[in-house]
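[1] Take a look and give me a structure for this.
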Amino acid sequence: MKDPEIADILKKENQEYKKLHEEHKGLDSILAEMDKSKYLTPEEEVERKKIQKQKLQKKDRMAELIREYRQSHN
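    The predicted structure is shown next:
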């Protein structure tokens, strides 16, 4: 089974994965809005980096949940 298929299953069956996915999408849209600005203040730049790190942490945890699902269903 491929990762996108597992992700779809986890979105339906795993509350943690579903929450992480929603938060990841939310952070993604915040970054997209920030990227529309031609110039970010130093404070906004720091905030942008913080959001990027949070987004990456959520993506890493989702990947971990996918690996765990794959291992437990083999």
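
[2] for the protein, what spans make up the helices?
    Applying DSSP state H to the chain gives helices spanning 3-13, 15-35, 42-72.

[3] JSON lines for the ones you listed, including mean pLDDT?
    Output for the helices of the chain, formatted as JSON lines (pLDDT from 0 to 100):
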{"stretch": "helix 3-13", "mean pLDDT": "96"}
{"stretch": "helix 15-35", "mean pLDDT": "97"}
{"stretch": "helix 42-72", "mean pLDDT": "97"}
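
[4] Next, format those as TSV and append mean neighbour count.
    Every residue, glycine included, has its C-beta placed from N, CA and C. Listed next are the helices of the chain as TSV, based on neighbours: other CB atoms under 10 Å:
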stretch	mean neighbour count
helix 3-13	13
helix 15-35	14
helix 42-72	13
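
[5] Surely Ile6 and Arg67 touch.
    No. Taking CB atoms under 8 Å as the definition, Ile6 is not a contact partner of Arg67, at 9.1 Å.

[6] Check the spacing between the residue positioned nearest the centre of the chain and Lys58 real quick.
    Centroid check for the chain by CA atoms, centre = their mean gives His24 as the closest residue, at 3.2 Å. Remark: distance between His24 and Lys58 (CB to CB, to the nearest Å) = 4 Å.

[7] Give me the distance between the residue nearest to the centre of the chain and Leu40.
    Counting by CB to CB, the gap from His24 to Leu40 is 21 Å.

[8] got it, and Leu65?
    Distance, Leu65 to Leu40, by CB to CB: 32 Å.

[9] swap in Glu13?
    Distance from Glu13 to Leu40, by CB to CB: 39 Å.

[10] now stretch 33-51, how far from the centre of its chain.
    Distance of stretch 33-51 from the chain centroid (CA atoms, centre = their mean, to the nearest Å) equals 18 Å.
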